[in-house]
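# A structural model of the following input is requested.
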Amino acid sequence: MKTIIIYFSGKQKNTYKIIESINTSIDNIEVYPVSSAPTDLRSYDKICFASGIYKFKFAKPMLSFIESAKLSPNQEIFLLSTSNSGLSFFGNAKKILKGKNVNVIGGFTSKGYTERGKIKASKGHPTTQDKNNSVIAFKNFMSA
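Next comes the predicted model:
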């Protein structure tokens, strides 16, 4: 089974930390930052799009990538996000993917540390437990 993770991780690298845990725990996964990922994904059985949440949606570079990606009908998609609230906000990504006739069959959300001026939220996240939970969720996606 051919699997790929494509991610966008901002200044705090929260999403990267989660993806790194998955990549070191599960074999045979290709991992790319969105800036260097292949856009033709038709040869993959399972695809994960991972992003930090910005203004209640996936980062613009990730949404643009999903729009331009070449996907095959019925491919299995997993969405992963990090945010200071720990809420998913998958709506925009799901809307794009629905138009591509793929199956979003799983997702995972973790809190991530955010620092904006004097505002600091979810300090210490993602935690070891957050990372472990992401690995469990991704293993479930892989076995689905």
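# tell me the contacts of Val31?
Contacts of Val31 were listed using Cβ atoms under 8 Å, 6 or more residues apart in numbering, and they are 4-5, 7, 19, 23. (C-beta placed from N, C-alpha, C; glycine too.)
# ramachandran angles for it?
phi -130, psi 130 (degrees, to the nearest 10).
# I'd like to know how far it sits from Gly106.
17 Å (Cβ to Cβ, to the nearest Å).
# just the buried ones from the contacts of Val31, in ChimeraX syntax?
Of the contacts of Val31, the buried ones go into a single ChimeraX selection, burial set by 16 or more other Cβ atoms under 10 Å:
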select :4,5,7,19,23
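# I'd like to know how many residues surround Asn133.
Neighbourhood size, Asn133 [other Cβ atoms under 10 Å]: 17.
# that one reaches Ser110, doesn't it?
Yes - look at Asn133 against Ser110 with Cβ atoms under 8 Å: they come within range, at 7.3 Å.
# tell me the confidence at the spatially most central residue of the chain?
The chain has Ala50 as the residue nearest its centroid, 1.4 Å off, counting by Cα atoms, centre = their mean. For Ala50, the model assigns a pLDDT of 97.
# that one and Ser64, how far apart?
For Ala50 relative to Ser64 (Cβ to Cβ), the value is 15 Å.
# and Asp27, by the same measure?
30 Å.
# which one's more surrounded, the two?
Ser64 (14 against 7).
# and the helix ranked longest in the chain, what does it pack onto?
What stands out as the longest helix in the chain, according to DSSP state H, is helix 128-143. Secondary-structure packing of helix 128-143 (3 or more Cβ pairs under 8 Å, 6 or more residues apart in numbering; DSSP states H and E): helix 14-25, strand 46-54, strand 76-83, strand 103-111.
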